[in-house]
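Trainee: sequence-free structure coming up:
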C-alpha cells in the first residue's frame, strides 16, 4: 500500500484570513520534521493566488519571502509541489493589515473561459518559478473542479496531467461551492478526457481521487466535545475563519456525511480505517488531504505515530509517483 499525504497550503477565506505564520509556516515546519523523521514524501499544493497578490503588497514582503523559502525548502527535500487555484484572489484586497475576500469568483467556472485560461497560465507560472520539479498535478480550490472541459486546453498548455480534486460521494452545492462527485468511479485512479467523473482509457488526464469516508454523527459529537474540553490539543493551529458554506453543524451532528479522508485535527483518526477499506476494495494506494492551517497538536502527534506504526509496510509517497 502506498499513501500520499497531500497538503493544501493556504490562508483562510472567511472574515479573517489568519496570519501566514500560524496558518502556513509553523504547522508546515512541523510536517516537514515528521516527513524527515520517517523518510516520507509529501505533496504540497501552495495557494498560487496568495503568492501573486502578496507580491503586489509591500507590507507582505517579509512574510512572502518566508513562504517562498519554505516552498523551496520542501522542494529541495524531495517533496512534490502541485498547482492549487483559489481564483477569488482576483477580487481580494489588502487593507488595514488584513486580506479581505470577495467570493463571487470562488471557482474558475465563475469566470469566462478565456479569463480562466489566463489565470491558470499566470498561477502555474508563479508556482513553477519557485521549484525545480515540474508542476504537473492540480487540486481545485474548494474541490470545485467542475466543469473541467473549459479548463482542459489551458491545463494541456501548462503541462498539468494529474487532477486530485475528486472524492467519491462528495457533494456541496451551497454557495460559494459547487461540486458533485456522487457518480465518480470507485477507483483509486483512472484516465479521463474532459469530465473528471467519466473514465476514458484514452484520456490524457489522470484522476487520482482523494479517498472518501462515511462519517457518523457520533464522530462529530466527539470532535466538538474534544475541542471544548481540550483546546490545547484539538484547536487548529491556524488563526483565521473558514469561508461560509461548508456545511451546518446540525447536519454533521444528526446525519451520516460522506467527506474526504483527511489529516486535519481529529479526522486523522479515520485514516487507518480508510486504509483498511482501500485494501478491501483492492486499491493499491490512498490519497489523504490535509491543511497545515487545520493541523492540531493531536493530529501531528497522531500522524507521527501512524507513520511509525506502518512505515515498514506502507510507502509514504508523492502524488505524481502514483501515476
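Mentor: All right, it came through fine. All values derive from a computational prediction rather than experimental measurement.
Trainee: so for stretch 30-47, what's the average pLDDT?
Mentor: Averaging pLDDT along stretch 30-47 gives 98.
Trainee: tell me which residues in that stretch are buried?
Mentor: Using 16 or more other CB atoms under 10 Å as the test for burial, stretch 30-47 gives 30-32, 34-35, 38, 40-47. Where you see a C-beta, it was placed from the backbone N, CA and C, and this is true even at glycine.
Trainee: now those as CSV including secondary structure and distance to residue 22?
Mentor: Below are these laid out as CSV (DSSP: H, G, I helix; E, B strand; the rest coil; distance: CB to CB, whole Å):
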residue, secondary structure, distance to residue 22
30, helix, 12
31, helix, 14
32, helix, 16
34, helix, 18
35, helix, 20
38, helix, 25
40, coil, 24
41, coil, 25
42, coil, 20
43, strand, 22
44, strand, 17
45, strand, 19
46, strand, 16
47, strand, 15
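Trainee: per-residue pLDDT, the closest residue to residue 1 other than its chain neighbours?
Mentor: Take residue 1 and drop its neighbours on the chain: the residue closest to it by CB to CB, 6 or more residues apart in numbering is residue 314, 5.2 Å away. Note on residue 314: pLDDT of 97.
Trainee: ends of stretch 285-297, what's the gap?
Mentor: End-to-end distance of stretch 285-297 (CA to CA, to the nearest Å): 26 Å.
Trainee: tell me the mean pLDDT over that stretch?
Mentor: On average, stretch 285-297 scores 98.
Trainee: same question, stretch 101-115
Mentor: Averaging pLDDT along stretch 101-115 gives 97.
Trainee: give the buried residues for that stretch.
Mentor: Buried-residue list, stretch 101-115, by 16+ other CB under 10 Å: 101, 103, 105-111.
Trainee: cool, and stretch 59-78?
Mentor: Residues of stretch 59-78 classed as buried: 60, 63-64, 67-68, 70-71, 74-75 (neighbour count, 16+ other CB under 10 Å).
Trainee: nearest to residue 263 among those residues?
Mentor: Checking those against residue 263 by CB to CB gives residue 74 as the nearest, at 16.1 Å.
Trainee: isn't that closest one right next to residue 81, touching?
Mentor: Yes. Counting by CB atoms under 8 Å, residue 74 touches residue 81, with 7.3 Å between them.
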